[in-house]
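Colleague: Sequence isn't available, so here's the structure alone:
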């Protein structure tokens, strides 16, 4: 993929929270509530129907034409395309359990993803930042977001399905300069992800996306940045204390600030960076031997 170096400089330095991928903000337009479990069932039926009746441009990936940008596009299986292989036969899936903030009412949701081109670089975690090009679609293939320049996304600021889905892809191996002001991005990953509405915006009306809409994102993943949002010496993805894949719900000291944004995770007045690993042996310190590392233990 050839791009202008100035475009990378202008956009990769921005941490953009797009309307399409931003966290589930209630902008006041939510006017209907629905049962989460029932909606998950209905969304999965709609998504599977889409997967059975649509295909992606796999022939271009198998035999790339000149200047092919490795962008995934989807179309309907009909007419001249009636012999195409449906997405249902090509996607992978994973189950993501969504709960209420107190951990109650667990509801499994299925996220579907397709790796059309395997990248050769880093694979992101949910706590990282990425630079990517994306397109957001509804199941009727109507676009609600298009980002055609390399743009940075903080994964902890995006809807859950996007953040979780991106971790299935790999970034590029690097860049080569062409001598004409452009660069080639080498071996970047490309694919798509399809998510039920609860992993998107659910009942919120955001950026032209109707309520309770399953979402499709195509992605070309350029680079990954390991993030430490609060600069406490612990990567944000490792501040998911309960291991549920959602660092935003971990708040050890109950001060309303999740650990990944809190420089003093246990609220004891000592910064996390100063009590995480004082002896530099690579193992979190546990001074009183109670099984709770010092940086999460305000009674040691």
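Modeller: The structure has been received and is ready for your questions. Since the model is a prediction, treat every value here as computed from it, not as a measurement. Numbers count the residues shown, from 1 in each chain.

Colleague: Okay, now the unreliable bits of the stretch 201-300 of the chain?
Modeller: Scanning the stretch 201-300 of the chain for pLDDT under 70 picks out nothing.

Colleague: quick one: the strands in it?
Modeller: Along the stretch 201-300 of the chain, counting by DSSP state E, counting those that start in this stretch, strands occupy 215-225.

Colleague: Show me the domain layout of the protein.
Modeller: Domains of the chain are assigned by automatic domain parsing as 2-225, 228-300.

Colleague: Rebuild these as TSV, extending it with mean neighbour count.
Modeller: C-beta coordinates here come from the backbone N, C-alpha and C atoms, glycine included. TSV is the format used below for the domains of the chain (neighbours: other CB atoms under 10 Å):
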stretch	mean neighbour count
domain 2-225	17
domain 228-300	16
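
Colleague: Quick check: bridge partners of the nearest residue to residue 54 once chain neighbours are set aside?
Modeller: Using CB to CB, 6 or more residues apart in numbering and skipping the chain neighbours, the partner closest in space to residue 54 is residue 74 (5.0 Å). Per DSSP bridges, the residues bridged to residue 74 are residue 56.

Colleague: Residue 74 and residue 61, how far apart?
Modeller: Residue 74 sits 13 Å away from residue 61, taking CB to CB, to the nearest Å as the criterion.

Colleague: Find residues that contact each of the two.
Modeller: Shared contacts of residue 74 and residue 61 (CB atoms under 8 Å, 6 or more residues apart in numbering): none.

Colleague: I figured residue 251 hits residue 262, correct?
Modeller: Yes - here residue 251 lies in contact with residue 262, judged by CB atoms under 8 Å, at a distance of 7.4 Å.

Colleague: Show me the shaky parts of the stretch 1-150 of the chain.
Modeller: Scanning the stretch 1-150 of the chain with the threshold set as pLDDT under 70 gives 1-31.

Colleague: What ranges does it have for its helices?
Modeller: Remark: helices assigned in the stretch 1-150 of the chain by DSSP state H, counting those that start in this stretch are 5-12, 36-53, 58-62.

Colleague: elements contacting the last one?
Modeller: Other helices and strands packing on helix 58-62, by 3 or more CB pairs under 8 Å, 6 or more residues apart in numbering; DSSP states H and E, are strand 107-117.

Colleague: what's the first-to-last distance across stretch 226-238?
Modeller: 11 Å (CA to CA, to the nearest Å).

Colleague: Kindly report the same for stretch 235-251.
Modeller: Stretch 235-251 has its terminal residues 15 Å apart, counting by CA to CA.

Colleague: List the contacts of the closest residue to residue 148 other than its chain neighbours.
Modeller: Distances taken as CB to CB, 6+ apart place residue 133 nearest to residue 148, at 5.8 Å, with adjacent residues excluded. Going by CB under 8 Å, 6+ apart, residue 133 touches 71, 147, 148, 149, 150, 151, 219, 220, 222.

Colleague: With residue 113 instead?
Modeller: 91, 92, 93, 94, 165, 168, 169, 191, 192, 193, 194.

Colleague: Could you export those as a markdown table, including distance to residue 183?
Modeller: Formatted as a markdown table, those follow (distance: CB to CB, whole Å):
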| residue | distance to residue 183 |
| --- | --- |
| 91 | 32 |
| 92 | 31 |
| 93 | 35 |
| 94 | 33 |
| 165 | 27 |
| 168 | 26 |
| 169 | 21 |
| 191 | 22 |
| 192 | 25 |
| 193 | 27 |
| 194 | 31 |
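
Colleague: For residue 255, state which of those residues is nearest.
Modeller: When the contacts of residue 113 are ranked by distance to residue 255 (CB to CB), residue 165 comes first, at 30.9 Å.

Colleague: could you say what helices and strands the host helix or strand of that closest one packs with?
Modeller: Residue 165 belongs to helix 160-166 when assigned by DSSP states H and E. Judged by 3+ CB pairs under 8 Å, 6+ apart, helix 160-166 is in contact with strand 92-98, strand 107-117, strand 189-195, strand 215-225.
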